[in-house]
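Q: Build the 3D model from these lines:
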Amino acid sequence: MTSRMKFRVAICGAGIGGLTTAVALSRYPDIEVQIYEAAEKLAEIGAGIGLWGRSWEIIRKLGLEEDLLSFTDTKPSQDPAPSFRYRKSDGPEGLEFYTLLTKGKLMTFHRPDFQNVLLRKIPPTYRIHCSKRLRSYTQRQGGPINLLFEDGTRASCDVLLGADGLKSAVRRSLLGEKAQWAQSQNRWSEAADITALIEPAWSGTNAYRALIPADRLRSRKPDHRVFTQPTQYLGRNGYIIAYPISHGKMINFVAFKSQHDMEGTKFNGPWVCVTDKAEFSSWFRDWEPEVQALVDCVDKPLRWAIHTVKPLGSYVSGNAAILGDAAHAMTPHQGSGAGQAIEDAFVIATLLGHPLTTRETLSRALGIYDHIRRPFSHTVHQRSRLNGQYFTLNTPEIDFELVPDHEMLSKLRILGHVFTKNWEWAWTTSLGGSVQEAIRLLESS
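A: Numbering: from 1, shown residues only. You can find the predicted model right below:
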């Protein structure tokens, strides 16, 4: 392998984005890959993960479809299908007002199952190094990138891919490098603007996640609708989403508490922690009985203070690039964070694996990745933010506090059409055109 090796790739982060990148790179045996993970062992936290048709195309191309389908009862399809039912639920009686119809259904999985499928596809020649939290990296033009880890050890590579999540160390070094360059050119204002992008920003929303054993909910409410239909329960400044996973054995549950006026402020406390149900249950105490049944079945939820990465001016510096949450962590209100990481992984691996990409042309390939993926992921970032407002009935189009009861159903249906229009890119578009454009740009150079 060494004699034929084009270059060495280091991936920081063994989550969905990093592992998908490794699987996508495994199609090119002349690229050496090392994966560095900060955790002591590989253990994906979180509950459910959903993929729309756009992302499922990539799963199929990477040969992951058959293995993943063994973990779900949902079958991929190109036919129109009901994906979520919507209810206005912030009162003693719920009001069902809309069914989201999509091209194919949302493919839902337990996140550890998804990670394990990816791990089984990693070639034995790839090594995953745990307990390797990156401290910083340095690079010189024409030379390797040198990595320094928190344990004092070092490594080197030709390409560094940061898939190390919201608090990405690669992003910190990458933006720090850009800020230093701006300072060296006496562009002090630009350097300050770049530095301000390093830290994530609180969205003003907390998510309370839990896995509810289906039997527990069944004993509480045997005919609960979430057994057969993914449902979103909407209300002022909060909403709940619930759907079955793991062949119906578990219900993925997420409750959102939103304080939109706090967006961009500092969140005090741990960003992710196990908490008591009382922290969120009072927010929903006056909601309809279906919601109460779900909340009653939650035990020790995981609280996520949802932070996002501010829109960046570039995902690339020299031969280093970031992807997934490290580049564009977004709110989860379109179920597209994992899908966007998978898209990043496929595009960047396709460009790196192309015969025209060599050590000498790496920066060109990474620049094309940035050109293709950054504008699109920024658009999804903004669309997700808008959905968070729509689902909590904080919309610029309709002031729901002023809507009389006799007009509520018609206004809610309008809202359904608004958030569908904002979301339909996920099941009506394809990554294929972007991949073709990336290859065209590479070959035209």
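Q: Flag every buried residue along stretch 359-373.
A: If you call a residue buried by 16 or more other C-beta atoms under 10 Å, then stretch 359-373 has these buried ones: L362, S363, R364, A365, L366, G367, I368, Y369, D370, I372, R373. From N, CA and C alone the C-beta is placed, and that goes for glycine too.
Q: now swap in stretch 192-210 and tell me
A: For stretch 192-210, using 16+ other C-beta under 10 Å, the buried residues are 194-195, 197-198, 200-210.
Q: What is the helix or strand hosting A210 packed up against?
A: According to DSSP states H and E, A210 maps onto strand 201-213. Counting contacts by 3 or more C-beta pairs under 8 Å, 6 or more residues apart in numbering; DSSP states H and E, strand 201-213 packs against strand 250-258, helix 278-281, strand 302-308, helix 362-391.
Q: so which of those is the most packed in?
A: Neighbour counts (mean count of other C-beta atoms under 10 Å) averaged over each of those peak at strand 250-258, with a mean of 24.
Q: Partner strands of that one, with direction?
A: Here strand 250-258 is paired, per DSSP bridges, with strand 201-213 (antiparallel), strand 238-245 (antiparallel).
Q: would TSV of those with mean pLDDT and distance to G337 be doable?
A: As requested, these are exported to TSV (pLDDT from 0 to 100; distance: least, C-beta to C-beta, whole Å):
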stretch	mean pLDDT	distance to G337
strand 201-213	96	12
strand 238-245	93	14
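Q: nearest to S173, of these?
A: Closest approach to S173 among the strands paired with strand 250-258 (C-beta to C-beta): strand 201-213, 19.5 Å.
Q: the inter-axis angle of the closest one versus strand 302-308?
A: 150 degrees (axes from the mean of the first three to the mean of the last three C-alpha atoms, to 10 degrees).
Q: now the angle from strand 201-213 to helix 362-391?
A: With the same axes, to 10 degrees defining the directions, strand 201-213 sits at 70 degrees from helix 362-391.
Q: Strand 201-213: how far from the chain's middle?
A: 14 Å (C-alpha atoms, centre = their mean, to the nearest Å).
Q: For the very next helix or strand once past that strand, list every residue counted as buried.
A: For strand 201-213, the succeeding helix or strand toward the C-terminus, using DSSP H and E, is helix 214-220. Neighbour-count burial for helix 214-220, with 16+ other C-beta under 10 Å as criterion, is recorded at A214, L217.
Q: Residues touching the very next helix or strand once past helix 214-220, excluding its own?
A: Next in sequence after helix 214-220, counting helices and strands by DSSP H and E, comes strand 231-235. Strand 231-235 is contacted from outside by 84-90, 94, 225, 239-243, 284, 287-288, 290-291, 391-393, using C-beta atoms under 8 Å, 6 or more residues apart in numbering.
Q: Check stretch 216-225 too.
A: Under C-beta under 8 Å, 6+ apart, the answer for stretch 216-225 is R85, V226, F227, T231, I251, P289, E290, A293, L294, D296, C297.
Q: Mind giving me the PyMOL select for the residues you listed, buried ones only?
A: The command below creates a PyMOL selection of those among the contacts of stretch 216-225 that count as buried (16+ other C-beta under 10 Å):
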select buried, resi 85+226+227+231+251+290+294+297
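Q: can you count the residues close to D223?
A: Applying other C-beta atoms under 10 Å, we find 8 residues neighbouring D223.
Q: quick revisit: out of the strands paired with strand 250-258, which gets nearest to W188?
A: Closest approach to W188 among those (C-beta to C-beta): strand 201-213, 22.7 Å.
Q: For T20, which of the helices and strands packed on strand 201-213 is the nearest?
A: T20 sits nearest to helix 362-391 of all the helices and strands packed on strand 201-213, at 13.7 Å, using C-beta to C-beta.
Q: The helix or strand just after that closest one relative to strand 231-235, how many degrees between them?
A: Downstream of helix 362-391, the first helix or strand assigned by DSSP H and E is helix 405-423. For helix 405-423 against strand 231-235, the angle by the same axes, to 10 degrees is 120 degrees.
Q: residues contacting the closest residue to K88 other than its chain neighbours?
A: The shortest distance from K88 to any non-neighbouring residue, by C-beta to C-beta, 6 or more residues apart in numbering, is to L95 (4.5 Å). Applying C-beta under 8 Å, 6+ apart, we find L95 in contact with R87, K88, S89, M408, L409, L412.
Q: residue closest to the middle of the protein?
A: Centroid-nearest residue in the chain: G337, 1.9 Å away (criterion: C-alpha atoms, centre = their mean).
Q: ends of stretch 216-229, how far apart?
A: End-to-end distance of stretch 216-229 (C-alpha to C-alpha, to the nearest Å): 17 Å.
Q: Who are the contact partners of the closest residue in space to T357 that isn't next to it in sequence?
A: Nearest residue to T357 in three dimensions, chain neighbours excluded: A365, at 4.5 Å (C-beta to C-beta, 6+ apart). Counting by C-beta under 8 Å, 6+ apart, A365 touches L351, L352, H354, T357, L442.
Q: can you check R383 too?
A: Q334, N422, W423, W425.
Q: Any chance of JSON lines for those, columns pLDDT?
A: Shown next, in JSON lines, are the contacts of R383 (pLDDT from 0 to 100):
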{"residue": "Q334", "pLDDT": "94"}
{"residue": "N422", "pLDDT": "96"}
{"residue": "W423", "pLDDT": "96"}
{"residue": "W425", "pLDDT": "96"}
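Q: before we move on, back to that, need the strands paired with strand 250-258 in TSV with distance to I306, can you?
A: Listed next are the strands paired with strand 250-258 as TSV, based on distance: least, C-beta to C-beta, whole Å:
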stretch	distance to I306
strand 201-213	5
strand 238-245	13
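Q: Which one of the ones you listed lies nearest to V274?
A: Closest approach to V274 among those is made by strand 201-213 (10.1 Å; C-beta to C-beta).
Q: Which of the residues in stretch 309-328 are classified as buried?
A: 309, 312, 314-328.
Q: Stretch 85-97 too?
A: So stretch 85-97, judged by 16+ other C-beta under 10 Å, has buried residues R85, Y86, R87, K88, S89, D90, G94, L95, F97.
Q: which two in the residues you listed are spaced the farthest apart?
A: Spatial extent of those (C-beta to C-beta) is set by the pair R85 and D90 at 16.2 Å.
Q: circling back: and the helices and strands packed on strand 201-213: which comes nearest G152?
A: Shortest distance between G152 and the helices and strands packed on strand 201-213, using C-beta to C-beta, is found for helix 362-391: 27.8 Å.
Q: Now do the closest one: distance to the chain's middle.
A: On the basis of C-alpha atoms, centre = their mean, helix 362-391 sits 11 Å off its chain's mean C-alpha point.
Q: Equivalent analysis for stretch 416-433, please.
A: 16 Å.
Q: ditto for stretch 69-78
A: Remark: stretch 69-78 is offset 20 Å from the chain centroid, using C-alpha atoms, centre = their mean.
Q: Only C-alpha atoms, please: export it in PDB.
A: Listed next in PDB are the C-alpha coordinates belonging to stretch 69-78 (Å, rounded to 0.1, in the frame of the first residue of the first chain):
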ATOM      1  CA  LEU A  69     -32.400  -2.100   6.800                       C
ATOM      2  CA  SER A  70     -32.000  -4.900   9.200                       C
ATOM      3  CA  PHE A  71     -32.500  -2.400  12.000                       C
ATOM      4  CA  THR A  72     -35.700  -0.800  10.800                       C
ATOM      5  CA  ASP A  73     -39.200  -1.700   9.700                       C
ATOM      6  CA  THR A  74     -39.300   1.200   7.300                       C
ATOM      7  CA  LYS A  75     -38.600   0.400   3.700                       C
ATOM      8  CA  PRO A  76     -37.100   2.900   1.300                       C
ATOM      9  CA  SER A  77     -39.500   4.000  -1.400                       C
ATOM     10  CA  GLN A  78     -39.900   6.700  -4.100                       C
END
